[in-house]
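**Q** Quick one, fold the following:
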Amino acid sequence: MLRFGLLSTPHNLHVFQRRIPHILFTFTQGRRSTSRNHRILPPPLSSPPTAAESVTARKWLAEFTKASIPRDEVELTFARSSGPGGQNVNKVNTKAVVRCALDQAWIPHWARDKLAQSHAYVASSRSLLFTSTLHRSQAQNIEDCFEKLHALIHSSCLAVLPTPADPARLARKASYERTAKQRRRAEKGYRAAVKSGRRGGGGDM
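**A** Numbers count the residues shown, from 1 in each chain. Have a look, this model is predicted:
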């Protein structure tokens with residue numbers, strides 16, 4: 001059920017606020033289902049993270065990539081779009097504004113400092129703010145805002161997590177180390193042979 005209300009702005013204008021019921025996605029056997037009670041909560045992460053923590057965090061991030069943002073925990077408002085008219089763009093409330101508090105339980109603690117450095121961060125309310133007037137449709141502008149929010153959280157999480165080691169790069173590194181070790185052994189054996197030959201030569205004179 002959608003609930004609408006009126007918000008008074010500092011300019012004595014009114015915009016619509018819509019609260020969307022809380023729905024998160026869970027994943028079972030490759031299928032996506034909805035649940036009103038289940039949350040995909042992020043795992044804790046130490047600083048710096050351990051290898052095991054990084055693996056767990058990346059698994060959570062993979063699920064988050066496929067999941068839906070919990071929309072009942074953001075403030076969603078609408079206003080009239082500015083600019084040239086046509087198709088009632090500046091006559092109806094097509095502009096979407098999404099504000100998301102940074103202390104939501106589903107936002108990883110370890111990514112919040114990175115999120116606070118983004119262009120969308122509003123320090124006075126400690127929240128992330130997104131607007132969209134890209135489309136003529138209110139619904140499409142809503143989705144655009146949520147896509148921006150989703151992408152920002154995803155990129156901020158990736159920036160915090162250490163880059164996983166490339167197996168091919170590790171194999172090359174191990175090969176270089178083996179080659180260097182063999183070279184050192186050969187050089188050491190050569191020097192030993194030279195010293196032994198010098199000692200042997202001195203005894204014949």
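**Q** what residue ranges in the protein are flagged as low confidence?
**A** Along the chain, the model assigns pLDDT under 70 to residues 1-39, 81-92, 165-166, 169-170, 173, 200-205.
**Q** what ranges do the strands span in this protein?
**A** 3-8, 14-19, 24-28, 31-35, 74-79, 95-101, 121-122, 127-132 (DSSP state E).
**Q** Sheet partners, orientation included, of the last one?
**A** Sheet pairing here is set by DSSP bridges, and for strand 127-132 it gives strand 95-101 (antiparallel), strand 121-122 (antiparallel).
**Q** Can you say which of the ones you listed is packed in most?
**A** strand 95-101 (a mean of 21; mean count of other CB atoms under 10 Å). Glycine gets a C-beta too; all of them are placed from N, C-alpha and C.
**Q** any idea of the angle that strand forms with strand 74-79?
**A** Angle, strand 95-101 to strand 74-79, by axes from the mean of the first three to the mean of the last three CA atoms, to 10 degrees: 160 degrees.
**Q** CA atoms only for strand 95-101, dumped as CSV, please.
**A** Extracted as CSV, the C-alpha positions of strand 95-101 are listed here (Å, rounded to 0.1, in the frame of the first residue of the first chain):
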residue,chain,number,x,y,z
LYS,A,95,11.2,15.5,-10.6
ALA,A,96,12.2,12.7,-8.1
VAL,A,97,14.4,13.4,-5.0
VAL,A,98,15.7,10.5,-2.9
ARG,A,99,17.4,11.1,0.4
CYS,A,100,19.0,8.1,2.3
ALA,A,101,20.4,8.4,5.8
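**Q** returning to that earlier point: please produce JSON lines containing the strands paired with strand 127-132, extended by distance to residue 138.
**A** Putting these into JSON lines (distance: least, CB to CB, whole Å) gives the following:
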{"stretch": "strand 95-101", "distance to residue 138": "6"}
{"stretch": "strand 121-122", "distance to residue 138": "23"}
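**Q** For the lengthiest helix in the chain, enumerate the helices and strands it packs against.
**A** As assigned by DSSP state H, the longest helix anywhere in the chain is helix 167-204. Judged by 3 or more CB pairs under 8 Å, 6 or more residues apart in numbering; DSSP states H and E, helix 167-204 is in contact with no other helix or strand.
**Q** for that helix, which positions count as buried?
**A** Judged by neighbour count (16 or more other CB atoms under 10 Å), helix 167-204 contains no buried residues.
**Q** same check, this time on stretch 144-164
**A** Counting neighbours by 16+ other CB under 10 Å, stretch 144-164 gives 144, 145, 146, 148, 149, 152, 153, 156, 157, 160, 161 as buried.
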